[in-house]
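# Pasting a predicted model and its sequence here:
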Amino acid sequence: MSCTAPGILTACMWVYDHVAWAVPAAEHVPGALPTALGAFVFFAALNVAVGAVSRACLTFVASAPTKEQAKWNNIGTSLLHSLLIGVLSVAAIGAVGVRSGGAIDVLYNSDPLLRAVLAFSTGYFWYDTADMAINRMYLNQPIVWFHHVVVLTPFTLALLLDAYEPILVMGLVVEANTALQHARRLFTILHARSSLGFTVTLALLYGSFIPIRIAPHAAIAYAAICATHAGAFAIPWHAAVAILGSIFITIVDCGIFVVMLRSDWPWLIGRAPHAAASLEPVGVDDPAVTHASRHKAD
């Protein structure tokens, strides 16, 4: 079955044409298991590094309760993951698209580069889930935990079966927008929402939300429905996971957009208050901020 989300593929191929020098050859890409385990260790170490640097450079972080510091470290690590995966997923899809002449099987076009990107992000989500469990974060927000289950189920299944890599890596393109959500949250915790950086972040976040977040997930849901209709899924319940998962994420994305817009509206119309930076619950646990930026890709 050829790719039924051509907009994603075309865009990724265009980007790949400009960064091909940075994409490794397939024979130089490690296997799925070493990549996933390596990513788990990498992001765990990165979390420690974010915490050490933050405590050394930001007084309000150093004086905050341990639980609030853990949340800060988690957000910073998640931001770096989103930046990395946002770039890697686009480059990988573009590379595979070029190698295949512009048409790929979104279910079974197995490629070492796609597998490595998927494994790297899977390792991150396993780390993030462990971090949330160890530090007892977001226990009052089941949507965060349910999101991780929705993401990790197909990701882990794909690595075990060596299938579904293209359609899942296409879904990781949304991490470029997720990075802006994490940045928005950090600005909020820092009470820097009146800064130029926050204004630019909002412009990029809302400007890219539909084309980079809503559209890819909707296209993936459509591709999964088409694949199901064509009988392309070897195991029927895998089709249900793909379709329902994509629809669930798309609905949640629409809810995130509304929640963020309501929270940001005072800053968008120029009637925002001013406050000092802190890791007090008003900054870290604001439901609107937390709900909007804790949603990961998927």
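Yep, that arrived.
# Just checking the distance from stretch 219-238 to the centre of its chain.
Stretch 219-238 sits 23 Å away from the centroid of its parent chain (CA atoms, centre = their mean, to the nearest Å).
# Alpha carbons of that stretch, as CSV, please.
Output of stretch 219-238 as CSV, limited to C-alpha atoms (Å, rounded to 0.1, in the frame of the first residue of the first chain):
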residue,chain,number,x,y,z
ALA,A,219,-3.9,12.1,8.2
ILE,A,220,-2.6,9.1,10.1
ALA,A,221,-6.2,8.2,11.3
TYR,A,222,-7.3,8.4,7.6
ALA,A,223,-4.4,6.3,6.5
ALA,A,224,-5.2,3.7,9.1
ILE,A,225,-8.8,3.6,8.1
CYS,A,226,-7.8,3.2,4.4
ALA,A,227,-5.4,0.4,5.4
THR,A,228,-8.1,-1.3,7.3
HIS,A,229,-10.6,-1.1,4.4
ALA,A,230,-7.9,-2.5,2.1
GLY,A,231,-7.3,-5.4,4.5
ALA,A,232,-3.6,-4.3,4.9
PHE,A,233,-3.4,-5.0,8.7
ALA,A,234,-2.3,-8.6,9.2
ILE,A,235,-3.9,-8.7,12.7
PRO,A,236,-7.4,-7.0,13.0
TRP,A,237,-7.1,-5.6,16.5
HIS,A,238,-3.9,-3.7,15.4
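# in that stretch, what's buried?
Ala219, Ile220, Ala221, Ala223, Ala224, Ile225, Ala227, Thr228, Ala232, Phe233, His238 (16 or more other CB atoms under 10 Å). Heads up, the C-betas are built off the backbone N, CA and C, glycines and all.
# what sits against Ala234?
Contacts for Ala234 (CB atoms under 8 Å, 6 or more residues apart in numbering) come out as Ala163.
# Can you tell me the SS state at it?
Secondary structure, DSSP: H, G, I helix; E, B strand; the rest coil: Ala234 is coil.
# Could you measure from it over to Tyr108?
9 Å (CB to CB, to the nearest Å).
# what do you get for Leu202?
Distance, Leu202 to Tyr108, using CB to CB: 40 Å.
# Also Lys67?
From Lys67 over to Tyr108 the distance is 44 Å, taken as CB to CB.
# Just want to know which of those two has more residues nearby.
Tyr108 (18 against 14; other CB atoms under 10 Å).
# Other residues contacting the helix or strand hosting Gly171?
Assigned by DSSP states H and E, Gly171 falls within helix 165-171. Helix 165-171 is contacted from outside by 3, 5, 8-9, 89, 92-93, 96, 104-107, 109-111, 114-115, 117-118, 154-155, 158, 216-217, 219-220, 223-224, 242, 246, 249, 297-298, using CB under 8 Å, 6+ apart.
# Since that was my last question, I'll sign off now.
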